[in-house]
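Undergrad: build me a structure from this.
(one chain, ligands or ions: 1)
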Amino acid sequence: MRLVIIGAVAAGTSAAAKARRNNEELEIAIYEKDNLISYSGCGMPYYIGGQIKSMTELIPRDPAFFKSKYNIDILTGHEVLSLKPENKTLQVKNLLTGKIFTDHYDKLIIATGASAVIPPIKGAKNPNVFTLRNIGDMNKINSFIQNNRPKKAVIIGTGFIGLELCESFKNIGIDVTLIERLPQVTPGLDSDMAIYVQEYLEKNGVKVLTKANVSKITKNNVILDNDEKLPADIVIMATGIKPNTDLAKNAGIELGITGAIKVNPRLETNISNIYACGDCMEHYHMVSGQPVYRPLGSTANKTGRIAGEVVTGENNHFRGILGTGIFKVFELGIAQTGLSEKEALEQGYDISVIHNTKISRPEYMGGAEMIIKAIANKKDAKLLGVQIIGSDGIDKRIDVFVTAITFGAKAEDLIHLDLAYSPAFSTAKDPVMYTGMILD
Ligand code: FAD
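TA: Numbers count the residues shown, from 1 in each chain. Next up is the predicted model:
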């Protein structure tokens, strides 16, 4: 049996490695149009900011590794041009030689990921304007910085990529202005939490403009539609991503309402023997039961592994996501899971909401305040979502909330959790337990 996978970053390589572990007989080939594979896109801002010194730390594996360890053939510089499900073939172009050839599959996994969205702004293609999606983009940003020594950056978009890059630029001495077209930064958070993030950014010397629309980018400026001119030697468009679905769509594979590839819990598309995983697929939200598009490396790795199991006959399926995310900007950590208040109200829930400010561990052990916002369904007291901001210990708390929501906990259940305590790590009554005491 021949398994062909398209895309060799997080999802594609996870799928291949799992399929090989399950089945030693399978022929496995991956086509990847880029020249680099299996890299940590999540580490790229830290390389730009100088915290990661060597690029090989971001790209630990190459095709030779996959061949020798897993007997998997990864053909880089090969773009899949089209699929013909009726005879299980695909057309592939060798981008180096220009040669086009046909391959066949018995099972096919689409792991084509996503691409950066570039809004139609005049000047968006200027040589000082960049997106950050892959190692090639990262290298372009780095060589621009090395060759031009920019002093001022404008970052358009205040999601996690925009804010991580904001920290990186400040670390290497570049002044940052952040531009957001919405009335708040960090669009995934509710506005009453996002305001703390904005204040923190401003305290750290970042100029933040919300409700701001860019009309034009020139060699040294970003110009807003109110004619305000912002000096910009380098501009980053961190304005979102969209799933790479052309190949699938042209082959008759159904897309979901979010525009990503529609799959069932076994990651099967509407065409038999074709599966999808990672950032190109639509996700199922475990709380709302609705289709959503929340492309993240955590989910890409997980769905890749599940796709590898399913194609080798294992009885596994993907249970969906909570939209859990965490990132930091300077010393501030920002985390969320489940539904925000805004999302819960849009979905028609009658909700209870609390804000709970507690220290992560005693001050004598270096603890710091964290703000927890929690949302529960009034009808059955079940937790719907949580957002946390703080500089210490938020990763542990968000993951406890993730676990609680996943297993359908009610707010009162939090008080009964037998959480670990020592002053080095938490307080005797943990902030998670306090949340349960005041949320009903
Ligand atoms: P991709 O990484 O997009 O890979 C898909 C591959 O398919 C690409 O290499 C592409 O060239 C190839 N391809 C597409 N079409 C074809 C074709 N027709 N033929 C051949 N090859 C094709 N996630 C987190 O969970 N936590 C984080 O902290 C985090 N930080 C991030 C920071 C940055 C700066 C970025 C950009 C992303 C971050 N992510 C993070 C997201 C994470 O990197 C992605 O979710 C993950 O890379 C998705 O993996 P994927 O394999 O599905 O898709």
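Undergrad: wait, is residue 435 part of a helix?
TA: Yes: per DSSP: H, G, I helix; E, B strand; the rest coil, residue 435 lies within a helix segment.
Undergrad: run a quick neighbour tally on it.
TA: 27 (other C-beta atoms under 10 Å). C-betas here are computed from N, CA, C, even on glycine.
Undergrad: could you number the chain from 32 rather than 1 from now on?
TA: From this message on, residue numbering opens at 32, which makes the last subject residue 466.
Undergrad: which residues sit in contact with it?
TA: The neighbours of residue 466, taking C-beta atoms under 8 Å, 6 or more residues apart in numbering as the test, are 385, 387, 403, 405, 417, 432, 442, 445.
Undergrad: what residue lies at the spatial centre of this protein?
TA: By C-alpha atoms, centre = their mean, the mean C-alpha position of the chain lies nearest to residue 327, the distance being 2.9 Å.
Undergrad: what about that residue, distance to residue 172?
TA: Note on residue 327: its distance to residue 172, by C-beta to C-beta, to the nearest Å, is 22 Å.
Undergrad: contacting residues around residue 213?
TA: Under the criterion of C-beta under 8 Å, 6+ apart, the neighbours of residue 213 are 241, 242.
Undergrad: hmm, 7 Å instead?
TA: Residues touching residue 213, when contacts are defined by C-beta atoms under 7 Å, 6 or more residues apart in numbering, comprise residue 241.
Undergrad: next, the residue with the largest distance to the centre of the chain: phi, psi?
TA: Distance to the chain centre peaks in the chain at residue 395, reaching 35.7 Å (criterion: C-alpha atoms, centre = their mean). Backbone dihedrals for residue 395, given as degrees, to the nearest 10, come out at phi -70, psi -10.
Undergrad: what's the distance between it and the ligand?
TA: 32 Å (C-beta to the nearest ligand atom, to the nearest Å).
Undergrad: mind listing the helices for the stretch 282-431 of the chain?
TA: For the stretch 282-431 of the chain, helices defined by DSSP state H, counting those that start in this stretch occupy the ranges 328-342, 372-377, 425-437.
Undergrad: for the ligand, which of these is the nearest?
TA: In this view, the helices of the stretch 282-431 of the chain are compared for proximity to the ligand by C-beta to the nearest ligand atom, and helix 328-342 is the closest at 3.2 Å.
Undergrad: burial measure for the closest residue to the ligand within the stretch 332-471 of the chain, as a count.
TA: Nearest to the ligand in the stretch 332-471 of the chain, going by C-beta to the nearest ligand atom, is residue 358, at a distance of 5.8 Å. Residue 358 is surrounded by 18 other residues when neighbours are defined as other C-beta under 10 Å.
Undergrad: burial of the closest residue to it other than its chain neighbours, as a residue count?
TA: Nearest non-adjacent residue to residue 358, counting by C-beta to C-beta, 6 or more residues apart in numbering: residue 191, 4.1 Å away. Other residues near residue 191 number 20, with proximity taken as other C-beta under 10 Å.
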